[in-house]
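Colleague: Output the structure for:
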Amino acid sequence: MPGADHRGPAAYADRADVRAAVDGATTLVLVSGRPTGRRLEEHATVVEAAAEAGVERVLYLSLLGAAPDATYRNARDHWLTEQYLAATGLRHTVVRAGIYASTPASLADDELVVRGPGGTGRAAFVAHEDIAAVITALIVDDTGEHDGAVLEVTGPEALTLEEEIGQVAEASGRPYRYVPETLEEAFARRYRMGLSGEQIEAWISWYLAIAHGGLATVTDVVPRLTGARATRVADIDWWPPPGRAS
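Modeller: Have a look, this model is predicted:
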């Protein structure tokens, strides 16, 4: 980016480093940290340090379905951060992204098979580029129209995992496929891999959130804020290597 000032890195838990990294900025785009068990505390540290440095507005990238009792384990942390932001008094906008369209591809094994208990539930998988375009539109529009708003950013259609992965195969030219598992099969396979209970819960609950249909909402936020149609999965031109999120 011409004229960009590259700073950092600044760990979310390091108040001094964050303050130095954002010094002089007026808007902070906060992408959630990793689920360390202290994600809310780390997010709060970032926001407090940014406010001390003069930041006036926070754009927070959250998750569709964020709630205290969300099926997807990680979405509960996002809801807590949203509540924290609302209580700070800072100008803020919450951008709740649907499931990233690239995530199923990153869950594939070496044979490009995605296995999980997603059933026939649907989700409005969204392209990273569309999320970035919405955030960019919010950055340049400083009128305050979206202050305090919760914007749900989704793809243009709600797909089952089988349909979504079929479009991944079409877009990538590689034979990705989806194999449904029962809850018991999914748990047993992950347990044999030696994962912790928290990791197993996070992974399985991601699939269950899709299976239960709570992520099937399709919104007009992408076209309304960017002036462009939301991107179909089949039209995305970048895919992560398999196994990155397995």
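Colleague: got the buried residues for the helix or strand harbouring residue 222?
Modeller: Element membership for residue 222, per DSSP states H and E: helix 221-226. If you call a residue buried by 16 or more other C-beta atoms under 10 Å, then helix 221-226 has these buried ones: 221, 222, 225, 226. Backbone N, C-alpha and C define where each C-beta goes, glycine included.
Colleague: Repeat that for stretch 234-241.
Modeller: Using 16+ other C-beta under 10 Å as the test for burial, stretch 234-241 gives 236, 239.
Colleague: Now that stretch - C-alpha only, PDB.
Modeller: In PDB, the C-alpha atoms belonging to stretch 234-241 read as follows (Å, rounded to 0.1, in the frame of the first residue of the first chain):
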ATOM      1  CA  ALA A 234     -17.200 -21.200  -7.400                       C
ATOM      2  CA  ASP A 235     -15.700 -17.800  -8.400                       C
ATOM      3  CA  ILE A 236     -13.000 -17.600  -5.700                       C
ATOM      4  CA  ASP A 237      -9.500 -18.000  -7.200                       C
ATOM      5  CA  TRP A 238      -7.400 -18.900  -4.100                       C
ATOM      6  CA  TRP A 239      -7.600 -21.900  -1.800                       C
ATOM      7  CA  PRO A 240      -5.400 -22.900   1.200                       C
ATOM      8  CA  PRO A 241      -3.500 -26.200   1.100                       C
END
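Colleague: returning to what we had before: for my notes, please list the buried residues of helix 221-226 in TSV and give pLDDT for each entry.
Modeller: Below are the buried residues of helix 221-226 laid out as TSV (pLDDT from 0 to 100):
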residue	pLDDT
221	98
222	98
225	98
226	98
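Colleague: and of these, the nearest to residue 26?
Modeller: Distance to residue 26, by C-beta to C-beta, is smallest for residue 225 among the buried residues of helix 221-226, at 19.8 Å.
Colleague: where's the residue nearest to the closest one when sequence neighbours are not counted relative to residue 174, distance?
Modeller: Leaving aside its sequence neighbours, residue 225 sits nearest to residue 137 (C-beta to C-beta, 6 or more residues apart in numbering; 4.4 Å). Using C-beta to C-beta, to the nearest Å, we find residue 137 at a distance of 33 Å from residue 174.
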